[in-house]
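Chemist: sequence first, predicted model second:
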Amino acid sequence: MGNTLVMVYLVTGNNKYLDMAKKLGRYFISSVTVEKNGSYVWGYRPTPENRKDGVGEPAWKGQITISLPLLLYHYGIMFNENDMDAMAKTFTENVYLGKSRFNKYIGAQKKRPLCFDKKYMGLIQCIGGWIILDRFSPEIKKIIEQSIANRIDIFPGGWFGGIQMSLAYSQRLESLSRESISLK
């Protein structure tokens, strides 16, 4: 919803939509806990009474949540590079457990490897969505690429194993385009 509000504001110039998007951004940041490793952790459903959650939301959902702060940052509305770096650390320090294994949650406190049984196959594909933060940590792209190449059991369709992976692939192409432009 927040992303839609940002886009409607950009198309219409109506500050009402900008104000609503900013309120969502502020609500999000008010629910963030900064971990000792510098990463951001936020709850799955933060309420006004309980905004902090040490476990954090599931990793497959986190890749959707980060899209609003990234969009607000991209258009210079809210958030800064430090915020984006902290969200990238959420993936590299908390979600990624090494050797193409991923934590079930975004929190640093409880490492619960995501089970790779059929129940979670569709959800594990969403890990690819974290690639939208690769400009703040190029390691993210490498982790995802290596995991797709090394774990065909959990990424059987590779970049085209589902909607989220296809979207991740488009981000990968965009980042490759950025790299080729910077080389010229």
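Modeler: Yes, it's here. Residues are numbered from 1 along each chain as shown.
Chemist: tell me which residue is most central in this protein.
Modeler: Averaging the C-alpha coordinates of the chain gives a centre point, and the residue nearest to it by CA atoms, centre = their mean is Gln63 (3.1 Å).
Chemist: now that residue: closest residue in space, sequence neighbours ignored.
Modeler: For Gln63, the nearest residue in space outside its immediate sequence neighbours is Gly129; the separation is 3.1 Å by CB to CB, 6 or more residues apart in numbering. Yep, even glycine has a C-beta here, placed from its N, CA and C like the rest.
Chemist: hmm, that neighbour is touching Ala59, no?
Modeler: No: using CB atoms under 8 Å, Gly129 makes no contact with Ala59, being 9.6 Å away.
Chemist: for the chain, which segments count as helices?
Modeler: 2-12, 15-30, 59-65, 67-74, 81-89, 121-124, 139-150, 163-183 (DSSP state H).
Chemist: for the first one, name the packing helices and strands.
Modeler: For helix 2-12, the contact count by 3 or more CB pairs under 8 Å, 6 or more residues apart in numbering; DSSP states H and E identifies helix 15-30, helix 67-74 as packing neighbours.
Chemist: try the fifth one
Modeler: Counting contacts by 3+ CB pairs under 8 Å, 6+ apart, the secondary-structure elements packed against helix 81-89 are strand 40-41, helix 67-74.
Chemist: what pLDDT, on average, does the last one get?
Modeler: The one in question is helix 67-74. In this model, helix 67-74 has an average pLDDT of 97.
Chemist: could you give me the buried positions within it?
Modeler: Going by neighbour count (16 or more other CB atoms under 10 Å), the buried part of helix 67-74 is 68-73.
Chemist: next one: it to chain centre, how far?
Modeler: Computed by CA atoms, centre = their mean, to the nearest Å, the chain-centroid distance of helix 67-74 equals 11 Å.
Chemist: elements contacting that helix?
Modeler: Packing partners of helix 67-74 (3+ CB pairs under 8 Å, 6+ apart): helix 2-12, helix 15-30, helix 81-89.
Chemist: angle of the longest one against helix 81-89?
Modeler: In this structure, helix 15-30 runs at an angle of 60 degrees to helix 81-89, with axes from the mean of the first three to the mean of the last three CA atoms, to 10 degrees as the basis.
Chemist: what residues of helix 15-30 count as buried?
Modeler: For helix 15-30, a neighbour-count test (16+ other CB under 10 Å) marks 17-18, 20-22, 24-25, 28 as buried.
Chemist: if we can go back for a sec, and the residue nearest to Gln63, what is it in contact with?
Modeler: Gly129 makes contacts with 60, 63-64, 164, 167-168, as judged by CB atoms under 8 Å, 6 or more residues apart in numbering.
Chemist: what's the answer for Phe155, then?
Modeler: Taking CB under 8 Å, 6+ apart as the criterion, Phe155 is in contact with 124-125, 147-148, 161, 165.
Chemist: what two of the buried residues of helix 67-74 are the furthest from one another?
Modeler: Put simply, by CB to CB the two of the buried residues of helix 67-74 set farthest apart are Leu68 and Tyr73, 9.5 Å from each other.
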